[in-house]
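> What follows is a predicted structure for the sequence shown.
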Amino acid sequence: MEVNKKIEEDGVIFMSIKEREDGNDKNESKDDVVILAIESSCDESAAAVVKNGREVLSNILSSQIALHTIYGGVVPEIASRKHVEKMNGCIRAALSEAGVTLKDIDAVAVTYGPGLVGALLVGVSEAKAIAFATGKPLIGVHHIEGHISANFIENKDLEPPFVCLVVSGGHSHLVVVKDYGEYEIIGQTRDDAAGEAFDKVARAVGLGYPGGPKIDKAAREGNPDAFSFPQAQIPDAEYDFSFSGLKSSVLNYINQAKMQGQELNQADVAASFQKAVVEVLAQHAIKACKEYGYDKLAIAGGVASNSGLRDLLEKECAANNISFYRPSPVLCTDNAAMIGAAAYYEYKKGVRFGLDMNAVPNLPLGDRERRFHAGK
Ligand code: KG4
Ligand code: ZN
């Protein structure tokens, strides 16, 4: 993946993410399905053009991270306002980089949940406006189904069924992807999501926001065996996760060290915390593949870009004869190409949303309940 970045006057980073320098296959066929995808569920405004679910013609991202850093986390109101300012530019850039116009696209797809309601609404309104103005079909996509589908982009041979470990800022799920758009959740977090634990520990240890990448970087300099933090196992729900005990244990250690005037070794705390998280994630994922009888494991979500998790799973999968699939780090965190990938399989199944589609901030994974009218 090649990423071109430009910092704008307001601190927002504009990125264009490309799969290969020489671009994609320009041979058009009348059966090609070209989807314009939009994502705005949290603090990234994103638009992409994706052909046949796996070929990314353009992938544009406008990252607001710098604007939220001074507050130590995402401020929903700022996120929504910036989406309003940036989304049209992202869509224009996505169409132009892909060399298409709205006339050439077959459908408009958008994340309609879960996420911050005000942020989601910007993308949803934009997608509905484009669908209404052009008469093109509208497809609502679940954000986490998008994360899972990011695996299809660089792994052209990956087909369901497979096991997927979904670890983001709001979700930690172990899922069997039975078919395109068909998910069975076999484990989930009882409290904090993995990314949330990274963010909270990073703040407590003084690394700041965004926590995941900062812990990942600090951990490389630290000793993962410096502290033995707890790894929760839940009786009777062997695939569920719990990170709140681990988080409290790290916070207690930090508070005690401060009270006793001891100097905190950030790198050692980061490395030991990261080890505790990634070991439990890897253990559950490998066990699920073995017990459910799947020889393919994929990972998805922001935490899937963690180098410790990627290295450990690479090793464990090789030792257990499991093929390991992971998107490039820039496709693990929020982007619109993954939404275009997920939307393609919905499009092929004939899923169409009506213009009454709304943002659903707490949309469950795998939800296929008819909430809105079917579109044409
Ligand atoms: O998937 P994502 O971009 O947004 C959500 O849908 O939540 O995930 C964001 C989460 C944040 O909690 C962030 O700290 C975490 O992913 N994250 C990481 C890394 N990069 C992002 N966690 C651990 N290591 C990383 N390298
Ligand atoms: Zn996400």
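Good, I have the coordinates. Numbers count the residues shown, from 1 in each chain. Ligands and ions are numbered 1, 2, ... in the order given.

> other SSEs contacting the longest helix along the chain?
In the chain, with assignment by DSSP state H, the single longest helix is helix 266-292. Packing partners of helix 266-292 (3 or more CB pairs under 8 Å, 6 or more residues apart in numbering; DSSP states H and E): strand 162-167, strand 172-179, strand 182-188, helix 194-205, helix 211-219, helix 244-259, strand 296-300, helix 307-319. Using the backbone N, CA and C atoms, a C-beta is placed for each residue, glycine as well.

> Report the contact partners of the residue sitting nearest the centre point of the chain.
Central residue of the chain (CA atoms, centre = their mean): G301, 3.3 Å from the mean position. G301 sits next to 144, 147, 166-169, 171, 195, 332 when contact means CB atoms under 8 Å, 6 or more residues apart in numbering.

> what's the burial count for the closest residue to Y180 other than its chain neighbours?
Nearest non-adjacent residue to Y180, counting by CB to CB, 6 or more residues apart in numbering: Y345, 3.7 Å away. Neighbourhood size, Y345 [other CB atoms under 10 Å]: 20.

> outside of the helix or strand containing Y345, which residues touch it?
Using DSSP states H and E, Y345 maps to helix 337-348. Here helix 337-348 makes contact (CB under 8 Å, 6+ apart) with 17, 33, 35-39, 46, 48-50, 52-54, 56, 59, 106-107, 109-111, 137, 139, 141-143, 145-150, 152-153, 180-181, 327, 331.

> Drop anything exposed from those.
17, 33, 35-39, 46, 48-50, 52-54, 56, 59, 107, 109-111, 137, 139, 141-143, 145-150, 152-153, 180-181, 327, 331 (16 or more other CB atoms under 10 Å).

> Which residue does the stretch 151-300 of the chain have closest to ligand 1?
Among the residues of the stretch 151-300 of the chain, G212 lies nearest to ligand 1; the distance is 2.0 Å by CB to the nearest ligand atom.

> Return the residues in contact with that residue.
169, 195, 198-199, 202, 302-303, 305-306.

> Among those, which one is most surrounded by other residues?
F198 (30 neighbours).

> I'd like the distance between F243 and ligand 2.
From F243 across to ligand 2, the span is 17 Å (CB to the ion, to the nearest Å).
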